[in-house]
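Trainee: Give me coordinates for this.
(one chain, ligands or ions: 2)
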Amino acid sequence: MRVLVVGSGGREHALVRTIARSPLVTAVFCAPGNPGIGAHAILVPIPATDIEALTTFAAANAIDMVVPGPEAPLVLGLADALLHQGIRCCGPSAAAARLEGSKQFTKEVADAAGIPTARWEAFTDTHQALDFVRRRGAPIVVKADGLAAGKGVVVATTVEEAEAAVIACIREGAYGAAGATVVIEEFMEGPEVSVFALCDGKNALFLGAAQDHKRAFDGDRGPNTGGMGAFAPPPGFTHATQELVMESIIRPTLTEMAARGAPFVGILFAGLMMTAAGPKLIEFNVRFGDPEAETLLPLLADDLMPALIAACDGTIADIALRWHPEASVSVVLAAQGYPGAYRKGSEIRGLDAASAGDEVSVFHAGTRAEDDRVLSDGGRVLVVNATAPSLALAISRAYHAVDAIDWPDGFCRRDIGQGHG
Ligand code: AMP
Ligand code: GLY
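Mentor: Ligands and ions are numbered 1, 2, ... in the order given. This next block holds a predicted model:
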């Protein structure tokens, strides 16, 4: 099979490396990719959001399957355009990708399917929203309905904070059109866990659970980021928890989406709060997590391709995947200043020494090549993963590799894997 992966980050590096190892695969392309991905795939200089160019390339190059990494091309209809050409896409249609694009839509699906989630209401009118906040009191959670680059959520500890969030969102347009509707939710408490399932529109296969670290600095301080690290398995996440999440959250979602004429195909990412009353849905994403993909894929003991094919062909119920029963830790190396302003173009050395040994992988997230040098080219620049029989050993292996990387312009958290959410 000839496979095209779409995207250019650490998640896509992990996907490409996994797919390239499959005996079913004869050629792997990645658009646009990065220098790390270039070691396993032919790079194609098409941006991940250029749906027309991606579809034309896939058709002209006899691509059998496209695997999109990020959500943007899915929201823009990449899967629909490819299916129209008769090309498999392991990702949802634009209609099904609304599970990531609209929080109100997700809450409606959750309620219709009887999925445990925070009670909520949606508003487009500032006064009605403020009235609701005052009646409910704090803590309370105020969310922009649409995609707001991870910034549209305020967990308010006081009514004043919630009021300010409502006004910023609806009246002041802080998130543009994404904030024209505000979703106001009951506050939930508990550790957060990300669960991944590979879906074929009707059935789903568990792909693992992980915990990520969203804040920039140690001890869970500093601004929110795209993720500074992740580890698996999450503490206390048993086989029974897995079954409960698949039965109470993932499968009912697939049934409800199919009933709405928008069956979900691809990787469904459920962000969960493990509350005292059991796992509850915070949000869905319609793709693999980053750096969760870099954390879970190194644990895979089987070929992923038959499962990706089965997801596209509606036969995921026939697939079982084996996983190494080990711990996995991923540490993100980011440019100084991220998630705010940062420099690009500084040289990174020591990558070969860092990735020595089977248990360690260095995934490129934001790099470019110049002559024989690797230069930083983004906010999150590298993702260093290590696996081991215990979490403690995986952590020490990962940081040992991090310390072998010579990049004075970068920083990382030193407490990945230690249970801060
Ligand atoms: P979201 O973008 O919906 O995933 O929300 C971002 C973050 O806000 C989540 O990862 C949680 O930490 C927090 N959050 C979202 N919804 C709630 C809620 N109902 N109760 C408490 N925290 C929440
Ligand atoms: N690590 C969280 C995400 O991929 O959205």
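
Trainee: count of neighbours near Asp313?
Mentor: Asp313 has 12 neighbours, counted by other CB atoms under 10 Å. Every C-beta, even on glycine, is put in place using the N, C-alpha and C of the backbone.

Trainee: And it, how close does it get to ligand 2?
Mentor: Going from Asp313 to ligand 2 by CB to the nearest ligand atom, to the nearest Å gives 26 Å.

Trainee: Next one: that residue from Val28, what distance?
Mentor: 20 Å (CB to CB, to the nearest Å).

Trainee: Also Lys344?
Mentor: Counting by CB to CB - Lys344 and Val28 are separated by 27 Å.

Trainee: cool, and Ala197?
Mentor: Between Ala197 and Val28 the distance is 24 Å, computed by CB to CB.

Trainee: In terms of packing, which of these two has more residues around it?
Mentor: Ala197 (26 against 23).

Trainee: Start and end of stretch 309-328, how far apart?
Mentor: Distance across stretch 309-328, first residue to last, is 26 Å (CA to CA, to the nearest Å).

Trainee: Buried ones in that stretch, by neighbour count?
Mentor: Residues 309-312, 316, 319, 321, 323, 326-328 are the ones in stretch 309-328 that count as buried (16 or more other CB atoms under 10 Å).

Trainee: contacts for stretch 67-78?
Mentor: 3-7, 9, 11-12, 15, 19, 48-49, 51, 54-55, 66, 79, 89-94, 97, 100-101, 147, 266, 285-288, 290, 293, 308 (CB atoms under 8 Å, 6 or more residues apart in numbering).

Trainee: Check stretch 103-112 too.
Mentor: So stretch 103-112 is contacted by 98-99, 115, 117, 120, 122, 143-146, 181, 183, 253, 256-257, 260, 281, 283-284 (CB under 8 Å, 6+ apart).

Trainee: how deep is Gly340 tucked in, by neighbour count?
Mentor: Gly340, neighbours per other CB under 10 Å, totals 9.

Trainee: pretty sure it is touching Pro223, no?
Mentor: Yes. Using CB atoms under 8 Å, Gly340 is in contact with Pro223, at 7.3 Å.

Trainee: residue contacts, the nearest residue to Thr255 once chain neighbours are set aside?
Mentor: Closest residue to Thr255 apart from its sequence neighbours, by CB to CB, 6 or more residues apart in numbering: Ala113 at 6.7 Å. By CB under 8 Å, 6+ apart, Ala113 lies in contact with 252-253, 255-256.

Trainee: Ligand 1 contacts on this structure?
Mentor: 118, 141, 143, 153, 155, 185-188, 192, 271, 282-283 (CB under 6 Å from any ligand atom).

Trainee: so which strand or helix has Phe29?
Mentor: Secondary structure from DSSP states H and E places Phe29 in strand 27-32.

Trainee: meant to ask about Val166
Mentor: Val166 belongs to helix 159-166, assigned by DSSP H and E.

Trainee: any idea which element Thr225 lies in?
Mentor: strand 221-232.

Trainee: which secondary structure elements does that strand contact?
Mentor: If you count contacts as 3 or more CB pairs under 8 Å, 6 or more residues apart in numbering; DSSP states H and E, strand 221-232 packs onto strand 204-217, helix 292-296, strand 327-335, strand 380-388, helix 391-404.

Trainee: Find out how far that strand is from the centre of the chain, if you would.
Mentor: Averaging C-alpha positions (CA atoms, centre = their mean, to the nearest Å) puts strand 221-232 12 Å from its chain's average.

Trainee: Which helix or strand lies directly C-terminal to that strand?
Mentor: Immediately after strand 221-232, counting by DSSP H and E, sits helix 239-245.

Trainee: how about that next one: buried residues?
Mentor: Result for helix 239-245 [16+ other CB under 10 Å]: buried residues 241-242, 245.

Trainee: Can you lay out those residues as TSV showing pLDDT?
Mentor: Listed next are those as TSV, based on pLDDT from 0 to 100:
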residue	pLDDT
Thr241	97
Gln242	97
Val245	98
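
Trainee: That's all I had, so thanks and see you.
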